[in-house]
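*Asks:* With the input below, show me the fold.
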Amino acid sequence: MRIACPTQGRLDCVPIAAVELNHECRDEIIPILAALLAIYKDRELFRDIMDLVARDVNRDTKADRGREGMSYWEIVVLAAVRLGCNFDYDRLQDLAENHRTLRHVMGIGDWDDQRNFSWKRIRDNICLLRPETISAISHRIVAKGHEIDPLAVETVRVDSFVVETNIHYPTESSLLYDGTRKVLELCSRIAVDSGISGWRQWKHWRKQVRKLHQDISRASASKSEKKKKRVDELYVKLMKRVVEVLARADVLLENRDALSPESCLLVDELLVYMKRTRQVGDTAYRRIVLKEDVPNADKLFSIFEPHTQLYCRGKAAQENQFGRLVAVYEDGAGFITHHYLMSRDERDADIAVRETRIVQDRLNGGIMSISFDRGFDAPSQYDELVSIVPNVCLPKRSPRAFATQLKEGSESFLAARKAHPGVESAIGSLHSGNGLKRSRDRTETGFERYICLGILGRNLHVLGKMLIAQQSPDSRACYSRRKSAA
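*Replies:* Here you go, the predicted structure:
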C-alpha cells in the first residue's frame with residue numbers, strides 16, 4: 001500500500017509546509033531541503049511529481065493493496081538528498097533515522113521510532129525510479145527556477161565529462177579470471193541443484209585460473225626483461241585453461257531437459273557470462289597470438305559493466321578514463337537544463353546539433369546564446385546550430401583556425417568564449433558535490449539512474465540557494481561565488 005504523502009497531523013511533528021530551516025548553516029543539505037519545501041508548497045508541481053513517481057513505484061502493483069510501504073514523498077526526499085549531498089546509503093539511513101529536520105520534511109514525527117529505514121529498503125525504493133522519471137522531475141525543478149530567474153535560460157554553456165563506472169582497472173587476465181570465476185560458480189550451482197556430477201573440483205579449477213592471472217600480473221609489473229618475456233607464454237596457458245572451462249560449461253548445457261526448474265533460472269545468466277568471457281578471450285588471442293591492434297570498439301573493459309568505454313583524453317594525472325561520456329547544458333543560473341549519456345561509439349561532435357535542438361524545443365526557444373568546447377566542432381556543424389540558436393560560440397578544432405577566430409570574432413563570440421570555462425565549475429561540483437566522478441551503482445540502468453540523481457541533486461541545490469537568497473539575502477546558506485550572469 002502506498003500513499004503520496006502523510007496527511008494526518010501529528011502532535012510530535014510540525015506540518016511539512018511549516019518546517020523552518022537554519023539559514024546560517026552552511027551544510028549542503030539546507031538548500032536541498034529548502035527546494036523540497038518549495039516543491040511541497042507548490043501543490044500543482046507537487047501533484048505532478050507524485051504522479052510521475054507513482055507510475056514507477058506501482059507499475060505492476062496497486063497502490064491500495066498490500067503492506068504499507070514508503071510514501072512517494074519519502075522516496076523523492078531520500079532520492080534528492082542521496083546525491084544532492086553525495087551520501088552513500090549508510091549515511092542516508094542514519095540521517096533518515098536521526099536528522100530531525102529531514103524527518104519533519106518527510107512528515108515523520110519525533111515519537112515515531114518504529115519506521116524501518118534500513119539502507120536496503122531505501123535502496124530498493126529509490127531503484128524503483130526509472131532514469132526517465134528522475135530526468136522529468138529535474139526538468140520541472142529547472143522550470144521552477146526559471147520562474148524566479150527568467151533570464152537564466154538565455155545563456156547556455158555545453159561541455160562533456162567522463163563518469164567512471166564501478167569497475168577495477170581492466171586487464172585481459174583479470175577480465176578472463178572474472179568471467180571464468182562467474183562461469184564456474186554458476187555451473188557448480190546448476191550441477192548441485194540438478195544432481196549432475198563432474199563439478200566437485202570447480203574451486204580447484206578456479207584456483208588454477210587465479211594463479212595464472214597472478215603470475216601474469218607479477219610478470220607484467222616486473223622490471224626484469226626475462227620475466228616480461230614470459231607474459232605471452234602465460235597468457236596462452238591462461239586462454240587454454242579458460243577454453244577448457246567454457247567447454248565443460250557447454251557440456252553441462254547440452255541437455256537442458258535434465259536441469260531442475262531452479263537451475264533454469266541461472267542458465268540465462270550463465271550464457272551471458274560465457275559470451276562475455278569468450279569476447280575477452282577473442283580479443284586477447286588477436287592481440288597476443290596474432291599480434292593485431294584491436295580497436296576499442298571490439299574490446300570489453302568489464303565483465304560486469306559491459307557498457308564501459310575507454311577514453312584517452314590526455315587529462316593531467318589521469319590520461320585514461322573508464323566510463324561513459326556525459327554532455328551537460330548549464331544555463332546562466334547554474335541549472336543543468338539538459339544532459340545526455342553518450343553511447344560507447346559517440347563523441348561530442350556527434351550529438352551537438354541533435355541535443356541542442358531537443359533542449360531548445362523543451363525551453364520554448366528561450367536560448368539566445370550557446371557556447372561549446374572545441375571538441376564539438378565538425379564540418380557544417382556551425383550552420384546547423386545557428387538555425388537553432390541565434391548566437392553560437394563554436395571554436396574551431398584546428399589551433400590555427402581557432403587563433404583566427406579569436407582575432408576576427410565578434411564581440412558576442414569573444415564574450416561567450418570568455419565565460420565558457422565557467423562550465424568546468426559546474427562539472428567540478430557534479431564531481432565533488434554530487435558523486436558523478438565515479439558511479440557507485442551497478443548495471444547500465446543503475447548507471448543512468450545514478451547520473452540522473454546527481455543532476456537532480458545539483459538542480460535542487462541551485463534552486464534552494466535561489467529561494468534562500470530571496471528570504472535571507474545575507475545568510476550563509478545562500479552564499480555563492482557565481483556572478484550575476486553566466
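*Asks:* hey, where'd the helices end up in the stretch 301-450 of the chain?
*Replies:* Applying DSSP state H, counting those that start in this stretch to the stretch 301-450 of the chain gives helices spanning 348-362, 381-386, 399-408, 411-419, 423-432, 444-471.
*Asks:* and the longest one, average pLDDT?
*Replies:* Model confidence over helix 444-471 averages 95 on the pLDDT scale.
*Asks:* And stretch 430-438, by the same measure?
*Replies:* Per-residue scores along stretch 430-438 average to 94.
*Asks:* Show the end-to-end separation of that stretch, please.
*Replies:* For stretch 430-438, the first and last residues are 10 Å from each other (CA to CA, to the nearest Å).
*Asks:* ok, now stretch 394-410?
*Replies:* 12 Å.
*Asks:* can you list the residues that contact that stretch?
*Replies:* Contacts of stretch 394-410 from elsewhere in the structure, counted by CB atoms under 8 Å, 6 or more residues apart in numbering, are 371-377, 381-382, 385, 413-414, 417. For every residue, glycine as well, the C-beta is placed using N, CA and C.
*Asks:* Redo these as TSV? Include pLDDT, neighbour count and distance to residue 402.
*Replies:* Below are the contacts of stretch 394-410 laid out as TSV (pLDDT from 0 to 100; neighbours: other CB atoms under 10 Å; distance: CB to CB, whole Å):
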residue	pLDDT	neighbour count	distance to residue 402
371	94	27	14
372	94	28	12
373	91	20	11
374	89	15	7
375	88	16	12
376	92	25	13
377	91	19	9
381	89	17	14
382	90	18	13
385	94	21	17
413	89	19	12
414	90	13	12
417	91	18	10
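*Asks:* which of those lies closest to residue 290?
*Replies:* Using CB to CB, residue 375 comes nearest to residue 290 of the contacts of stretch 394-410, at 33.4 Å.
*Asks:* The closest residue in space to that closest one that isn't next to it in sequence: what's it in contact with?
*Replies:* In space, not counting the residues next to it along the chain, residue 375 is nearest to residue 348; the distance is 4.2 Å by CB to CB, 6 or more residues apart in numbering. Under the criterion of CB under 8 Å, 6+ apart, the contact partners of residue 348 comprise 160, 325, 327, 372-373, 375-376.
*Asks:* Identify the farthest-apart pair in those residues.
*Replies:* 325 and 372 (14.2 Å).
*Asks:* picking up where we left off before, mind giving me JSON lines with the contacts of stretch 394-410 and columns for distance to residue 59?
*Replies:* Formatted as JSON lines, those follow (distance: CB to CB, whole Å):
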{"residue": "371", "distance to residue 59": "40"}
{"residue": "372", "distance to residue 59": "38"}
{"residue": "373", "distance to residue 59": "39"}
{"residue": "374", "distance to residue 59": "43"}
{"residue": "375", "distance to residue 59": "39"}
{"residue": "376", "distance to residue 59": "37"}
{"residue": "377", "distance to residue 59": "43"}
{"residue": "381", "distance to residue 59": "40"}
{"residue": "382", "distance to residue 59": "44"}
{"residue": "385", "distance to residue 59": "38"}
{"residue": "413", "distance to residue 59": "48"}
{"residue": "414", "distance to residue 59": "51"}
{"residue": "417", "distance to residue 59": "46"}
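*Asks:* any residues touching stretch 462-480, and which ones?
*Replies:* Counting by CB under 8 Å, 6+ apart, the neighbours of stretch 462-480 from elsewhere in the structure are 21-26, 30-35, 38, 141, 144-145, 148-149, 333-335.
*Asks:* hang on, isn't residue 130 packed against residue 446?
*Replies:* No. With contact defined as CB atoms under 8 Å, residue 130 does not count as touching residue 446 (11.3 Å).
*Asks:* Kindly state the domain boundaries assigned to this structure.
*Replies:* Listed domain ranges for the chain are 16-129, 149-167+309-452, 172-298 (source: automatic domain parsing).
*Asks:* For residue 461, which of those is the nearest?
*Replies:* Shortest separation from residue 461 across those is recorded for domain 16-129, at 4.9 Å, computed as CB to CB.
*Asks:* from the middle of its chain, how far away would the closest one be?
*Replies:* Computed by CA atoms, centre = their mean, to the nearest Å, the chain-centroid distance of domain 16-129 equals 20 Å.
*Asks:* distance between the ends of that domain?
*Replies:* Chord length of domain 16-129, first to last residue, is 23 Å (CA to CA).
*Asks:* In this structure residue 29 contacts residue 81, no?
*Replies:* Yes. Taking CB under 8 Å as the contact criterion, residue 29 and residue 81 are neighbours in contact, 6.5 Å apart.
*Asks:* got a pLDDT number for residue 486?
*Replies:* According to the per-residue confidence, residue 486 scores 38 in pLDDT.
*Asks:* what's the answer for residue 198, then?
*Replies:* Residue-level confidence at residue 198 comes out at 87, pLDDT.
*Asks:* and if you look at residue 161?
*Replies:* The confidence metric pLDDT takes the value 94 at residue 161.
*Asks:* same thing with residue 476?
*Replies:* Residue 476 is assigned a predicted lDDT (pLDDT) of 84.
*Asks:* burial measure for it, as a count.
*Replies:* Burial of residue 476, expressed as a neighbour count using other CB atoms under 10 Å, amounts to 14.
*Asks:* do the same with the one 4 residues further on
*Replies:* Other residues near residue 480 come to 11 when the count uses other CB under 10 Å.
*Asks:* Could you do residue 310 as well?
*Replies:* Each residue near residue 310 was counted by other CB under 10 Å, and the total is 14.
*Asks:* pretty sure it contacts residue 325?
*Replies:* No. Using CB under 8 Å, residue 310 and residue 325 do not qualify as a contacting pair, with a distance of 11.3 Å.
*Asks:* Kindly calculate the angle that the longest strand belonging to the chain makes with helix 444-471.
*Replies:* In the chain, ranked by residue count with DSSP state E as the criterion, the top strand is strand 318-331. Using axes from the mean of the first three to the mean of the last three CA atoms, to 10 degrees, one finds that strand 318-331 and helix 444-471 are set 50 degrees apart in direction.
*Asks:* Give me the sheet partners of strand 318-331 and which way each runs.
*Replies:* strand 155-164 (antiparallel), strand 309-315 (antiparallel), strand 336-341 (antiparallel) (DSSP bridges).
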